[in-house]
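**Student:** Got a sequence here, can you build the structure:
(one chain, ligands or ions: 2)
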Amino acid sequence: MAFSLDLTADSTRNALRPSTAPEKPSLIGLTRAEMAEALVATGVVPERQAKMRVQQLWHWLYVRGVSDFAHMFNISKDLRAALAEHFAISRPEIVEEQISNDGTRKWLFRFPPRGAGRPVEIETVYIPEEGRGTLCISSQVGCTLTCSFCHTGTQKLVRNLTAEEILAQLLSARDRLGDFPDRDTPAGAIVPSEGRKVSNIVMMGMGEPLYNFDAVKKALLIASDGDGLALSKRRITLSTSGVVPEIYRTGEEIGVMLAISLHATNDDLRDLLVPINKKFPLKELMKACREYPGLSNARRITFEYVMLKDVNDSLEDAKALVQLLKGIPAKINLIPFNPWPGSNYQCSDWEQIEKFADYINAAGYASPIRTPRGRDILAACGQLKSESERLKKSERLALEAMMIAGHGEA
Ligand code: SAH
Ligand code: SF4
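**Tutor:** Numbering: from 1, shown residues only. Ligands and ions are numbered 1, 2, ... in the order given. The predicted model follows:
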């Protein structure tokens, strides 16, 4: 596929004014019980009203996407003022918003320090497609794992994101995309879930979501709550490098769709590419996949497979892949490797990717090749960065040159 760098990509650095850092506790990311407890503990709401107030707030926060108590029209002025005195519901600062020539958007969000730490910055990507749109959400700043082809893997883990920060990525993206109902919608109105700009979410940004299980679980249960954001669990996909015990917990406690970063079909190679394989080898990983609850032809596990030239892209590898996945309702997602400065790999040749895909298709698997999107704004997998690790200008130029030369080209 032809690729050109679009130097006209719209970048708005620091143009979106920061909301003040919330020093007050946020109501975003709390379970209903936690929210009720917080409201009662501060004396803002009497215990007998707690359930009703939580219901009202839940609607404003998650159906209407309100980020200012003043807009909650069916709550008295006095109560709104008391809520605002004790709690925050504001959005994080948007440091940068970039819009690619193909419509992909990337935001750099800044979250305030937690405890003694420093503010952190993370990236979130929105990919519009015909009739749908997918938001790629981060779960950690950096990653403790060190997959050898992944840029995030070269960064140390700075910290886990909180449930609030994970949800804030979805709420802010919907704000910016105009995906919440407007102010004139009557209070309490049911808003259709069809026709949304963000119809799907994938936990495929920075970090290993299953190493931040509790916060990810809380955020995804709120995102899929039928009285709030109401994203169907079938439209939420959690991608993991293979943290086996938490795969079982994901099935039991969260129930979203699963994607596995497989990338190799034997332990020797997977140990090198995805080193967590040494702890949870393929046999255990595949067992956890087989036992993932609710699998059917309509609910398949996605296996992600990054195409690395002369490393894992032969027809023998394709055969081994089909063999390995036998009996599992599976989709295979072939990802052209996205190069980064200093990476030791090259993307497979396009012809080879097609041969590989043809073999897999013939074996009965849908195997879409993930078309790189938003490359002009470096929005692709493995290229998301935190501010502390942003590309230097020289690195960026090197990367652009690599992409123009056709490495990693699709
Ligand atoms: N930590 C999780 C989710 C984030 S990574 C995981 O590993 O699954 C999201 C996907 O991008 C994973 O499948 C990962 O293997 C892939 N990826 C990482 N770096 C990449 C690169 N440079 N090129 C292509 N895919 C990459
Ligand atoms: Fe972490 Fe996923 Fe990158 Fe591996 S591929 S280093 S688990 S973000």
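
**Student:** if we look at whichever strand or helix holds residue 245, which residues are touching it?
**Tutor:** Element membership for residue 245 (DSSP states H and E) is helix 244-249. If you take C-beta atoms under 8 Å, 6 or more residues apart in numbering as the criterion, helix 244-249 is touched by 210, 211, 213, 240, 258, 280, 284, 285, 288, 289, 291, 292. C-betas here are computed from N, CA, C, even on glycine.

**Student:** gap between the fourth one and residue 178?
**Tutor:** To residue 178, residue 240 is 32 Å away according to C-beta to C-beta, to the nearest Å.

**Student:** swap in the last one?
**Tutor:** Here residue 292 is placed at a distance of 36 Å from residue 178 (C-beta to C-beta).

**Student:** Show me which of these two is the more surrounded one.
**Tutor:** When neighbours are counted by other C-beta atoms under 10 Å, residue 292 and residue 178 differ, and residue 292 comes out ahead with 20 against 9.

**Student:** Can you give the domain ranges for this structure?
**Tutor:** Here the domain parsing of the chain from automatic domain parsing is 27-86, 93-394.

**Student:** Look up the pLDDT of the residue of the stretch 201-350 of the chain found nearest ligand 2 for me, please.
**Tutor:** For the stretch 201-350 of the chain, the residue closest to ligand 2 is residue 241, as judged by C-beta to the nearest ligand atom, at 3.8 Å. Model confidence at residue 241, given as pLDDT, is 98.

**Student:** Spit out the contact partners of it.
**Tutor:** When contacts are counted by C-beta under 8 Å, 6+ apart, residue 241 touches 145, 147, 208, 261, 274, 276.

**Student:** Which positions within stretch 79-92 qualify as buried?
**Tutor:** With burial defined by 16 or more other C-beta atoms under 10 Å, the residues of stretch 79-92 counted as buried are 79, 80, 82, 83, 84, 87, 88, 89, 90, 91, 92.

**Student:** Could you single out the nearest of those residues to ligand 2?
**Tutor:** For these, with ligand 2 as the reference and C-beta to the nearest ligand atom as the criterion, the closest is residue 92, at 20.9 Å.

**Student:** show me what contacts the closest one?
**Tutor:** Residue 92 is in contact with 19, 109, 110, 111, 112, 165, 168, 172, counting by C-beta under 8 Å, 6+ apart.

**Student:** Quick check: the second one is in a strand.
**Tutor:** Yes: for residue 109, which was evaluated using DSSP: H, G, I helix; E, B strand; the rest coil, the result is membership in a strand.

**Student:** out of everything not next to it in sequence, what's closest to it?
**Tutor:** Spatial nearest neighbour of residue 109, excluding adjacent residues (C-beta to C-beta, 6 or more residues apart in numbering): residue 92 at 4.7 Å.

**Student:** Am I right that residue 364 sits in a strand?
**Tutor:** No: under three-state DSSP, residue 364 sits outside any strand and is assigned coil.

**Student:** What parts of the stretch 1-150 of the chain come near ligand 2?
**Tutor:** By the rule C-beta under 6 Å from any ligand atom, the part of the stretch 1-150 of the chain lying against ligand 2 is 143, 145, 146, 147, 150.

**Student:** thought residue 103 was touching residue 130?
**Tutor:** No: counting by C-beta atoms under 8 Å, no contact exists between residue 103 and residue 130, whose distance comes to 11.0 Å.

**Student:** re earlier: how close does the residue of the stretch 201-350 of the chain closest to ligand 2 get to residue 203?
**Tutor:** In this structure, residue 241 and residue 203 are separated by 12 Å, where distance is defined by C-beta to C-beta.

**Student:** Over to residue 146?
**Tutor:** Here residue 146 is placed at a distance of 19 Å from residue 203 (C-beta to C-beta).

**Student:** and if you look at residue 371?
**Tutor:** For residue 371, the distance to residue 203 (C-beta to C-beta) stands at 20 Å.

**Student:** Of those two, which one has the most company?
**Tutor:** Higher neighbour count among residue 371 and residue 203: residue 203, with 24 against 13, using other C-beta under 10 Å.

**Student:** need the contact list for that one.
**Tutor:** Going by C-beta under 8 Å, 6+ apart, the list of residues near residue 203 reads 137, 139, 209, 216, 220, 236, 237, 238, 239.

**Student:** Can you pull the residues of the stretch 201-350 of the chain lying near ligand 1?
**Tutor:** Residues of the stretch 201-350 of the chain lying near ligand 1 (C-beta under 6 Å from any ligand atom): 204, 208, 239, 240, 241, 261, 304, 306, 335, 337, 338.

**Student:** Wondering if the helix holding residue 245 reaches ligand 2 at all.
**Tutor:** No: interface with ligand 2: helix 244-249 contributes nothing (C-beta under 6 Å from any ligand atom), its closest point being 12.4 Å away.

**Student:** I'd like the C-alpha coordinates of the following helix or strand past that helix written as CSV, please.
**Tutor:** Beyond helix 244-249 in the direction of the C-terminus, DSSP H and E gives the next helix or strand as strand 257-261. The C-alpha coordinates for strand 257-261 follow below in CSV (Å, rounded to 0.1, in the frame of the first residue of the first chain):
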residue,chain,number,x,y,z
MET,A,257,-13.1,-10.2,24.4
LEU,A,258,-9.5,-11.4,24.6
ALA,A,259,-6.5,-10.8,22.2
ILE,A,260,-3.3,-12.7,22.7
SER,A,261,0.0,-11.3,21.5
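
**Student:** Can you pull out the residues in contact with the helix or strand just after strand 257-261?
**Tutor:** Note on strand 257-261: by DSSP H and E, the next helix or strand toward the C-terminus is helix 267-273. With contact meaning C-beta under 8 Å, 6+ apart, helix 267-273 is reached by 147-149, 262-264, 277-278, 281-282, 306, 308, 311-312.
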